[in-house]
Structure formats: structure tokens, C-alpha cells
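**Q** Turn this into a structure:
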Amino acid sequence: MSQVIEKKYTHVVTLGPEGTDASTVANLVSEKVIYRNSFPDCMEYALEHDYLALICVGYVERKGEVVVDNWVDLNFRYHKKMELIEVFKSETKPMALAKRRNCHECNTIVIHPATKEFASQLVPQAKVSYVNNKPLAVELVAEGHFDYCIGSQDVVQQYDSLEITKIIPPPVMIWAVYQKVGSTVKKFIFNKYESEVTL
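**A** Numbers count the residues shown, from 1 in each chain. Down below sits the predicted model:
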């Protein structure tokens with residue numbers, strides 16, 4: 001079960017586009033959201049512009065079956081540059097395994113790397129390809145580039161060319177909020193007023 005989340009930040013940088021779990025969580029906790037193409041890019045952008053970064057602890061990047069980056073490595077790369085100021089949990093949006101409606105011999109799937117376990121359970125025979133966000137996976141299947149995808153149910157339902165074959169109940173994810181070490185920029189909202197805080 002997710003904890004109650006309320007807007008407490010003036011702005012955060014997180015993984016886009018709109019429709020990602022990161023964008024949903026960011027819009028719950030922040031008045032303004034800036035989207036970047038990857039979690040490493042979020043950290044770098046937040047560092048350069050003295051913003052907050054909202055990063056999913058489940059972040060993993062794969063090239064084929066090889067893990068090339070993950071939250072632990074990202075966290076250590078920014079040690080002494082970005083500091084962790086909050087950690088909280090939140091369920092993802094409901095997800096779905098979907099396929100192209102006209103697919104009869106379905107044997108490929110495109111997914112966000114964090115959903116690999118669901119793909120292995122639901123379509124173990126499918127050849128897996130990876131992209132850095134679920135909305136892109138859904139779009140690629142809708143365009144006919146792959147047979148299956150795992151995406152957020154609300155995003156999948158936007159495409160008439162896709163058929164949901166399985167609903168995946170929302171798992172709980174852990175989210176980490178970072179700020180530049182030594183930052184005193186106004187980022188927090190208390191009782192509807194901004195307050196300058198140094199942590």
C-alpha cells in the first residue's frame with residue numbers, strides 16, 4: 001500500500017515523457033516537473049541547474065541481457081555531488097501486457113528493463129528488446145515494430161491497434177529525491193509558502 005503523498009517541492013526533474021510512472025509520481029509531489037530522457041540525464045540536469053531529481057530506485061538499463069547501469073551505480077557516481085534528501089514508496093500505475101491486434105505469430109516484446117521479470121513470466125518465449133520508458137514501448141508496438149509490450153494500462157488503452165492480454169496489478173516502487181550538495185535554493189513548500197532550507 002502506498003503512503004500518502006502530497007505536493008511538497010516547487011520543482012523536480014524526472015524521467016519523461018508524460019505517462020511514465022515517474023511523471024505520475026513527480027506530479028503528485030511537485031508543482032513543476034521537468035522531463036529528461038533517462039535517469040542519469042535527470043541527475044546531471046538537476047546538478048547543473050540546482051534542481052531536485054526524482055529517481056526510481058528500481059532504475060536499471062540493459063543492452064541486450066547485460067546490465068549497463070542501475071540505481072546503485074548512479075547513486076555512487078553522484079556521491080559528494082548530489083545528496084539523497086528523501087525516500088518514499090508508491091505503487092506504479094496499473095500495467096498491462098498488450099499485443100498488436102493483428103498479430104498471429106507473436107514472438108517479440110519491447111519493454112522497459114525494470115519490467116523484465118513480468119515479461120519472463122508472461123511471455124517467456126518472446127525475444128526481448130529494451131527501451132528507456134514504457135510509453136515508448138507501447139508506441140513501438142502500436143506502430144508495428146514489435147508484437148508485445150508491457151506498458152501502463154492507461155497508455156495502452158490510447159491505441160486501438162493494441163489488445164490487452166493480461167492486467168498486471170501495480171507493484172510498489174521506491175523513489176529517491178536528490179538535491180545538489182550544499183544547495184540552498186528554494187525547493188520546499190510548507191503550509192503553501194516556500195521556505196529556504198539547507199539540509
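
**Q** gap between D21 and L162?
**A** Applying Cβ to Cβ, to the nearest Å, the value for D21 to L162 is 19 Å. For every residue, glycine as well, the C-beta is placed using N, CA and C.

**Q** now do F146
**A** Between F146 and L162 the computed distance is 11 Å (Cβ to Cβ).

**Q** can you check Y130 too?
**A** Per Cβ to Cβ, Y130 is found 19 Å from L162.

**Q** Grab the most central residue of the protein for me.
**A** Nearest to the geometric centre of the chain sits A22, at 4.1 Å (Cα atoms, centre = their mean).

**Q** Am I right that that residue is in a helix?
**A** Yes - looking at A22 with DSSP: H, G, I helix; E, B strand; the rest coil, it is inside a helix.

**Q** close enough to count as contact, it and V57?
**A** No - A22 is beyond contact range of V57, at 11.6 Å (criterion: Cβ atoms under 8 Å).

**Q** Identify the contacts common to these two.
**A** Taking Cβ atoms under 8 Å, 6 or more residues apart in numbering as the contact criterion, no residue touches both A22 and V57.

**Q** Where in the protein is the helix or strand with the lowest mean pLDDT?
**A** Least confident helix or strand of the chain, by mean pLDDT, DSSP states H and E, is strand 193-195 with a mean of 34.

**Q** Tell me the helices and strands packed up against the longest helix seen in the chain.
**A** Of all the segments of type helix in the chain, defined by DSSP state H, the longest one is helix 39-49. For helix 39-49, the packing partners by 3 or more Cβ pairs under 8 Å, 6 or more residues apart in numbering; DSSP states H and E come out as strand 9-15, strand 30-36, strand 52-56, helix 71-77, strand 82-91, strand 172-180.

**Q** ok, residues contacting it?
**A** 13-15, 34, 36, 51-56, 59, 69, 71, 74, 77-78, 81-82, 178-180.

**Q** Try it again at 7 Å.
**A** Applying Cβ atoms under 7 Å, 6 or more residues apart in numbering, the contact partners of helix 39-49 are 13-15, 36, 51-53, 55-56, 59, 69, 74, 78, 81-82, 178, 180.
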